[in-house]
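> here are the coordinates; sequence isn't available:
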């Protein structure tokens with residue numbers, strides 16, 4: 001069986017890049033710089049479902065994404081989490097948080113309706129990230 005991105009992630013996100021192990025996604029909510037890293041491993045639900053080499057690669061890619069977000073956005077806090085309560089496919093959220101964002105200090109999930117990115121915002125974001 002070939003890897004397929006979970007339908008919820010396909011619906012809610014914009015694909016930004018393909019890295020060696022993972023797909024880099026942007027949550028289509030312009031209120032937060034919210035990125036999701038999904039390893040392209042069929043059936044992976046937990047980090048322990050990856051073999052040792054894949055686990056190391058996944059952590060390296062998470063570190064790479066985290067460093068990129070810190071450099072580009074300079075957030076007060078970078079939230080990194082693998083929850084999977086709503087989407088069981090293994091994925092890690094990377095959310096740049098600011099004391100002035102609309103959800104601070106609460107979690108971003110479901111607090112406010114999403115505001116999709118405009119084409120101009122996406123162009124600017126992709127250019128800033130150089131992905």
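Received the coordinates, thanks. Computed from a predicted model, the values in this text were never measured in an experiment.
> nearest residue to residue 111 other than its sequence neighbours?
residue 103 (4.7 Å; Cβ to Cβ, 6 or more residues apart in numbering). To be clear about C-beta, it is placed using only N, CA and C from the backbone, and glycine gets the same treatment.
> look up how far residue 36 lies from that neighbour.
Distance, residue 103 to residue 36, by Cβ to Cβ, to the nearest Å: 17 Å.
> name the residue in the two with the higher neighbour count.
The residue with more neighbours, out of residue 103 and residue 36, is residue 36; 22 against 16, by other Cβ atoms under 10 Å.
> ok, what's across the strand from the closest residue to that one other than its chain neighbours?
The shortest distance from residue 36 to any residue other than its chain neighbours is 4.2 Å, reached at residue 25 (Cβ to Cβ, 6+ apart). Residue 25 has these beta-bridge partners by DSSP bridges: residue 15, residue 36.
> picking up where we left off before, so the residue nearest to residue 111 makes contact with residue 29?
No - contact criterion Cβ atoms under 8 Å: residue 103 and residue 29 do not qualify, at 10.3 Å.
> tell me where the model's unsure across the protein.
Scanning the chain for pLDDT under 70 picks out 1.
> run through the helices of it in chain order.
For the chain, the helices defined by DSSP state H occupy 7-12, 52-73, 119-129.
> winner for burial among the ones you listed?
Among those, helix 52-73 has the highest mean neighbour count (mean count of other Cβ atoms under 10 Å), at a mean of 15.
> what's the angle from it to helix 119-129?
Here helix 52-73 runs at an angle of 110 degrees relative to helix 119-129 (axes from the mean of the first three to the mean of the last three Cα atoms, to 10 degrees).
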